[in-house]
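Engineer: below is the structure, and that's it, no one-letter string:
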């Protein structure tokens, strides 16, 4: 069975080095191409420099320069149609994400749940939609 991750690029934006490293490692091992940044400003630069498609923006709700929702809104203007997934330890972020039609994944990560959510979001499926 081919991997749902093969050929998919995820941009991970997380300001905590350990969480960033964990997310990048998990996604790469699953077969995703991974771009990463530790701030919203850096993420927008990475996206601007990326000539190919980005299949998912996976952003922390809290970032040092902009909030995850502010980054997501800016990213959507630059790359319309790209799925957005917010990650947070705050359960109320699920409702905020749902209000914008974005995906949500909780922190800390549970490996199999995290991967299933990211794969569904990167594929544009409904399985990861915040509800």
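Structural biologist: It's in. What you see is a predicted model, and the numbers here were worked out from it, not measured in a lab.

Engineer: check which helix or strand residue 12 maps to.
Structural biologist: Per DSSP states H and E: residue 12 is located in strand 9-13.

Engineer: which elements pack onto that strand?
Structural biologist: The contact analysis (3 or more C-beta pairs under 8 Å, 6 or more residues apart in numbering; DSSP states H and E) places strand 9-13 against helix 17-29, strand 33-37, helix 40-49, strand 56-60. The way it works is simple: take the backbone N, C-alpha and C, and place the C-beta from them, glycine included.

Engineer: strand partners (parallel or antiparallel) of it?
Structural biologist: Strand 9-13 pairs in its sheet with strand 33-37 (parallel), strand 56-60 (parallel), by DSSP bridges.

Engineer: what angle sits between the first one and helix 17-29?
Structural biologist: Read it as strand 33-37. 160 degrees (axes from the mean of the first three to the mean of the last three C-alpha atoms, to 10 degrees).

Engineer: about what we covered before: redo the strands paired with strand 9-13 as CSV? Include mean neighbour count, mean pLDDT and distance to residue 86.
Structural biologist: Below are the strands paired with strand 9-13 laid out as CSV (neighbours: other C-beta atoms under 10 Å; pLDDT from 0 to 100; distance: least, C-beta to C-beta, whole Å):
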stretch, mean neighbour count, mean pLDDT, distance to residue 86
strand 33-37, 19, 98, 15
strand 56-60, 26, 98, 6
